[in-house]
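Student: Sequence and predicted model, in that order:
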Amino acid sequence: MTLDQLRIFLAVAERGHMTRAAQALGLTQSAVSAAIAALEAQHGVRLFDRVGRGIELTEEGRSFIPAARAVLSQAESARLMLDDLASQTRGHLRIFASQSVASYWLPARLVALRERHPGIEVTLSVGNTHQAAQAVTEGAADLGFVEGDLPPSDLRRQVVARDELVLIMAQDNPLATRPAPGASDYPALRWILRETGSGTRSVFEAHLATLGLTVAQLEVVLELPSNEAVLAAVAASRSVAVVSARAVGAGRGQGLAVHRLAGDARPERPFVVLSHPERHRTRAVSAMLTLIDEMRETRA
């Protein structure tokens, strides 16, 4: 089998459609169909069932997906290693960052990297903390930037900055001019939260635990997948939310009042860079980590 056959197989498997896979790969539908047919014939296995004009993965096809992804990940690592043998620091740096990091901390560092090393091509994907860690584990990203705590894993972790969570509400909320709500007030408030799996949500849940509370005891009216959506929803309602202090700073002018959270301890969270200990560290990766260290010394 060839790497092109594996790429085509995964494109069809992920989209469940020959034509859409062909469009994504820049190939003709007949070329995609021929590649799948050849792969099946070479190994005497049916990877897809043809149902009318559509296709569906067979059980064998579903079982083959992880192996195909692993082979392509190794091939990408080999390509990056060869690129890295050049004297100039160049190559392709794949980054997956959680939303708070990607929106408020990472952009300045990416600009600085580009100015210092114009030969490095950067691809940035954005999701939540769990998705970033998964991308690095699977080899889909060279570096992951996340906030908050993570479950135990074999990934290498380095703290590169810290962030504080704050309580926000609309300035015309009657609570805005009163003292900050205490722990006993939390169950009576209407909350807008980030989604499960986000760093903001995990740190807030840990904060609640220090107060003897859980999310189940709160009146949660919305769960939203981005800081920007949370800020806008709070500004337009009588609800409260917990967000990054960096997000509030970037969103000045949205008519928000900011309070510290209840309790004696300030709920801080680290910004962490994740890398895989068993994968080759390219010059592009090393250049990014070096630049982060330098910027942390002056303005992290």
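Tutor: Yep, it's here.
Student: if I look at Leu289, how far off is Ala112?
Tutor: From Leu289 over to Ala112 the distance is 13 Å, taken as CB to CB, to the nearest Å. To be clear about C-beta, it is placed using only N, CA and C from the backbone, and glycine gets the same treatment.
Student: And the strands in the chain, which stretches?
Tutor: Using DSSP state E, the strands assigned to the chain run over residues 48-51, 54-57, 91-98, 120-127, 143-147, 156-170, 190-194, 219-224, 240-244, 256-259, 268-275.
Student: now those strands as TSV including mean pLDDT?
Tutor: Formatted as TSV, the strands of the chain follow (pLDDT from 0 to 100):
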stretch	mean pLDDT
strand 48-51	86
strand 54-57	88
strand 91-98	92
strand 120-127	93
strand 143-147	93
strand 156-170	91
strand 190-194	96
strand 219-224	96
strand 240-244	93
strand 256-259	91
strand 268-275	90
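Student: just these: most buried one?
Tutor: Comparing the strands of the chain by mean neighbour count (mean count of other CB atoms under 10 Å), strand 143-147 ranks first with a mean of 28.
Student: same for that one, what does it pack against?
Tutor: Applying 3 or more CB pairs under 8 Å, 6 or more residues apart in numbering; DSSP states H and E, one finds that strand 143-147 makes contact with strand 91-98, helix 99-104, helix 129-138, helix 199-210, strand 268-275, helix 283-299.
Student: Return the set of buried residues in the longest helix seen in the chain.
Tutor: Counting by DSSP state H, the longest helix found in the chain is helix 59-84. Using 16 or more other CB atoms under 10 Å as the test for burial, helix 59-84 gives Gly61, Phe64, Ala68, Arg69, Leu72, Glu76, Ser77, Leu80, Asp84.
Student: Next: stretch 13-27.
Tutor: Taking 16+ other CB under 10 Å as the criterion, stretch 13-27 shows Ala13, His17, Met18, Ala21, Ala22, Leu25, Leu27 as buried.
Student: Am I right that the third one is in contact with Gln29?
Tutor: Yes - Met18 is in contact with Gln29 according to CB atoms under 8 Å; the separation is 5.4 Å.
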